[in-house]
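A.B. asks: generate coordinates for the sequence data below:
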Amino acid sequence: MTTIPVYSPDIGAAEVENAVDCIKRGMLSGTIGGDYNGEFETLVSKQCGASHGITTTSGTTALALAVACIGVGEGDEIIVPASTNIATALAVTYTGATPVFIDSESDTWCMDCELLPSLVTPRTRAIMPVHLYGHPADMDAIMDVADRHNLVVIEDNAEAQGANYKGRATGGIGHIGCLSFYINKVLTTGEGGMLVTNDEEIAARARLLKNLAYSERDRC
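C.D. replies: Sure, this is the predicted structure:
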């Protein structure tokens, strides 16, 4: 019987050399700084077609940070796919907001955008599409609904880094994209995640909240 692994990370000599160099140079926390973290944020955000990248401890915390950045709370609603990892919905409930579940398409398993307009209410603040198993959701339809109702789009791009939707990289099409670098993802750091965006205000707020609202002057 042939076993097909769910994941098989390709870690070679260059990865080991860079990891050792990072440790020797004391760059153990992205909050404090360091060449490796900054370069990683730049490279990954550029690949997604975004101008800002903010590293996080996981894809889950990237999602939570994204929802926190748009200022939702109790009484607000965010539309999320019914078929996804629980982290997607938990990012909404952490703020006190309510996840509104939308059914999936039978062929892509991504959110069924034909149902999307019927789920928008006066309490809806955002749409959180998930590019499931590497297959992009219908971003044209999602962005159209978002534009008509002034909603924020947060892409859960944990499983689709490197995927393209009509020539555009997933993660950088909506207002915020969230990535995971867990061991079974397209690109792995063992653990880790990232928030990417083209919005300078969202990026600044993400960096602030990630850093416990310390300023650069106050952080020790």
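A.B. asks: nearest residue to Gly49 in space, ignoring adjacent ones along the chain?
C.D. replies: Gly172 (3.4 Å; C-beta to C-beta, 6 or more residues apart in numbering). Bear in mind the C-beta positions are built from the backbone N, C-alpha and C, glycine included.
A.B. asks: now do the contacts for the one you found.
C.D. replies: Ser45, Cys48, Gly49, Ala50, Val196, Asn198 (C-beta atoms under 8 Å, 6 or more residues apart in numbering).
A.B. asks: neighbour-wise, which of those leads?
C.D. replies: Val196 (31 neighbours; other C-beta atoms under 10 Å).
A.B. asks: did I read that right, it in a helix?
C.D. replies: No - if the criterion is DSSP: H, G, I helix; E, B strand; the rest coil, then Val196 is strand and not within a helix.
A.B. asks: for the nearest residue to it once chain neighbours are set aside, give its distance to Ala169.
C.D. replies: If the residues on either side of it in the chain are set aside, Val196 comes closest to Ala50, at 3.8 Å by C-beta to C-beta, 6+ apart. Taking C-beta to C-beta, to the nearest Å as the measure, Ala50 falls 9 Å from Ala169.
A.B. asks: stretch 118-128: which residues count as buried?
C.D. replies: For stretch 118-128, the neighbour count (16 or more other C-beta atoms under 10 Å) marks Leu119, Val120, Thr124, Arg125, Ala126, Ile127, Met128 as buried.
A.B. asks: what's opposite the third one in the beta bridge?
C.D. replies: The reference is to Thr124. Beta-bridge partners recorded for Thr124 (DSSP bridges): Glu77.
A.B. asks: need the contact list for it.
C.D. replies: Asp76, Glu77, Ile78, Ile79, Val100, His149, Leu151.
A.B. asks: same question for the second one.
C.D. replies: If a contact means C-beta under 8 Å, 6+ apart, then Val120 has Ile79, Val145, His149, Leu151 as its contacts.
A.B. asks: mind checking pLDDT for it?
C.D. replies: As predicted, Val120 sits at a pLDDT of 98.
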